[in-house]
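Asks: Provided below are the primary sequence and the corresponding predicted coordinates.
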There are 2 protein chains.
Amino acid sequence: MHSDKTVIGIDIGGTNTTLGFVDLSGSLMCEVTLDTQPEQPAHILVERLSDQINQLKSQMPLAIVSAIGIGAPNANYYLGTVENPPNLKWGASVNLVELFRQKFELPVAVTNDANAAAIGELLFGGARGMRHAIVITLGTGLGSGIIVNGELLYGSDGSAGELGHTTVEPDGRYCACGKRGCLEAYVSATGICRTVVELLGQRLDATPLREANYNQLTSKMIFEAASRGDVIALAAFDITARILAMKLADAVAHTSPEAIFLSGGFAASGDLLIVPTRCYLEKFLFNSYKGKVKLLRSELPDGKGAVLGAAALAWGEVAK
Amino acid sequence: MHSDKTVIGIDIGGTNTTLGFVDLSGSLMCEVTLDTQPEQPAHILVERLSDQINQLKSQMPLAIVSAIGIGAPNANYYLGTVENPPNLKWGASVNLVELFRQKFELPVAVTNDANAAAIGELLFGGARGMRHAIVITLGTGLGSGIIVNGELLYGSDGSAGELGHTTVEPDGRYCACGKRGCLEAYVSATGICRTVVELLGQRLDATPLREANYNQLTSKMIFEAASRGDVIALAAFDITARILAMKLADAVAHTSPEAIFLSGGFAASGDLLIVPTRCYLEKFLFNSYKGKVKLLRSELPDGKGAVLGAAALAWGEVAK
């Protein structure tokens, strides 16, 4: 039996937005996915989500909703805003918390998707009981959330934990953020495609990956090729793992976590990424940390990390 | 008039050990420096420090000592130990807290010197009132202490904040720690000497620095040459500043501090280091952080950071 007490977790993405009712044990009692309609202003999405929430509530008369948590790109927990989201035509700044409070008399909080994933891992996943951990979300980009003293670290302005934009090589690849050599330009679904394309230029090995043009190439194709033993694809995973490990070792030298969790679609590349990353990580770790830091997969169910994370954020507001 | 309430701060170095009585406002009421005698076992140093403390106490009959704080290389706050200190022949592990507790019925705490400097900056220096800050100590090596939510960050095992051993270049310079490409191999008094030596090989500019051999070269000579406009010395400062800025931008992407403080002997190189570092830092910062993070000099009196930091650690124990 589920508890009657519940919160609402909302994961806003550039394509889809998922909304779920989640109890304190992390069970997803119901879930709805909408087309985000990213070209519409934010208040339209909030309107549509409110209608869905009211409809779901009417179907669950016993449910008592205690709070709403939202994970969204470029969200600021302190301000309650989403600022210049790359894939949503919402403009410079939208106060999502205010928009929801106009609809519901409930605590509402917003944070970026990677921070939500970290809070979800802490409350419902593999980081339960840990005081210090780091969660890396690997998808189109690379996001991160840092747990310090049992809480998500927001820093002075709400924007701590942007490991995707730490520097691998100061004169390296151009990043979508405008800088050069950012971690996410190497370690992400798009990053590994760029690595394969570079390798195709550098090396002469025969590989079916030569038949896809730059725009066609996907990380799934690279994963499948690597699974068949393709030399270029395997080399790309090895390069990706080494760079990720180097920057995770840097992260360890900052906050000394018990464990680092990899989550998200690209992290689910079987053992191809995590096994060599573990190996390189040990090599890059400073002596004090060697043998102490676990590199683990997220324990949240596949594809549910973001909505569970948003719900975990909401439970945090209830506890306040 | 000084308050009668005081703590004792002790800074243990490989050559000298300084001991001071410090009040809650950060005034150093008296100070004694001993030869560390690094070849002697730890309990001998504790014995000598205890004698000094008792002698000073007898000279200040009104002083009420509330706690003892110690900054020492390779110290672990959680365990109270100093482990394999590089410049002291103390062996694998010495429980300094226990040794002092055998002498004094007072709260005793130990942490590494850079962490002590950070606590000192927070309680007595430029970081007063800040919730998030980073302190970098630049001397022979590069140490760091990270303030998060108004407290020093210790991490899961007491060893958070080792930015000196984050990686600049995975196949770069050999570091004394056994790894390659560590920040402290580039940005430190010894690091800039190595940079000058490399530049002497790469470039043909005439410079008096060519007259010193590797073992003779000091960061002071490089500082003096740069102050006279020496091209090689100036280039070395520029390279050092760029690498430091790149890794400070990484640190900002972890904890999003309000400010970063540079302290220690090498940081005192006039504007030669801090001015170009500020400039490069802005360039390397991710968009969310640009224009928000101050790079400042330590506000603790020159050379007193370590003993004041140890005292600040002690005041923290009193507040518990």
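Replies: Yep, that arrived.
Asks: what's the pLDDT at the closest residue to chain B within the stretch 201-320 of chain A?
Replies: Proximity of the stretch 201-320 of chain A to chain B (Cβ to the nearest Cβ) peaks at A:Ser256, 2.5 Å away. Any C-beta I mention is one placed from the backbone N, CA and C, and that applies to glycine too. A:Ser256 is assigned 98 on the pLDDT scale.
Asks: Isn't it up against B:His165?
Replies: No - at 11.9 Å, A:Ser256 and B:His165 do not qualify as touching, with contact defined as Cβ atoms under 8 Å.
Asks: Tell me what A:Leu19 is bridged to.
Replies: For A:Leu19, the beta-bridge partners under DSSP bridges are A:Ile10, A:Val32.
Asks: Check the burial of it by counting its neighbours.
Replies: Neighbourhood size, A:Leu19 [other Cβ atoms under 10 Å in any protein chain shown]: 23.
Asks: ok, now which ones touch it?
Replies: By Cβ atoms under 8 Å, 6 or more residues apart in numbering or on different chains, the contact list for A:Leu19 reads A:8-11, A:31-34, A:49, A:52-53, A:56, A:307.
Asks: Between those, which sits nearest B:Phe286?
Replies: Lowest distance from B:Phe286 to the contacts of A:Leu19 (Cβ to Cβ) belongs to A:Asp11, with 23.0 Å.
Asks: On the pLDDT front, check the closest one for me.
Replies: For A:Asp11, the predicted pLDDT is 95.
Asks: what's the spacing between the residue lying closest to it once chain neighbours are set aside and B:Leu234?
Replies: Nearest non-adjacent residue to A:Asp11, counting by Cβ to Cβ, 6 or more residues apart in numbering or on different chains: A:Ala306, 3.7 Å away. From A:Ala306 over to B:Leu234 the distance is 50 Å, taken as Cβ to Cβ, to the nearest Å.
Asks: And those two? Which one has more around it.
Replies: Ranked by neighbour count (other Cβ under 10 Å), A:Ala306 and B:Leu234 place A:Ala306 first, with 27 against 17.
Asks: For that one, give me the backbone phi and psi.
Replies: Note on A:Ala306: its backbone torsions stand at phi -70, psi -40 [degrees, to the nearest 10].
Asks: One more: A:Glu98?
Replies: Per degrees, to the nearest 10, the backbone of A:Glu98 is at phi -60, psi -50.
Asks: Contacts only, for it.
Replies: So A:Glu98 contacts A:Gly80 (Cβ under 8 Å, 6+ apart).
Asks: Okay, helices next: where are they in the stretch 1-150 of chain A?
Replies: A:42-59, A:96-101, A:113-124 (DSSP state H, counting those that start in this stretch).
Asks: Any buried residues in the first one, and which?
Replies: Of all the residues in helix A:42-59, those buried under the rule 16 or more other Cβ atoms under 10 Å in any protein chain shown are A:42, A:45-46, A:48-49, A:52-53, A:56.
Asks: What is the burial count for the nearest residue to A:Gly178 once chain neighbours are set aside?
Replies: In space, and not counting its chain neighbours, A:Gly178 is closest to B:Asn287: 6.8 Å by Cβ to Cβ, 6+ apart. Number of residues near B:Asn287 (other Cβ under 10 Å) recorded here: 14.
Asks: Show the pLDDT at B:Asn287.
Replies: We have a pLDDT of 93 for B:Asn287.
Asks: Can you give me the separation between A:Gly129 and chain B?
Replies: 12 Å (Cβ to the nearest Cβ, to the nearest Å).
Asks: Check A:Leu56 too.
Replies: A:Leu56 is 34 Å from chain B, by Cβ to the nearest Cβ.
Asks: and that residue, what does it touch?
Replies: Applying Cβ under 8 Å, 6+ apart, the residues near A:Leu56 are A:19, A:21, A:30, A:32.
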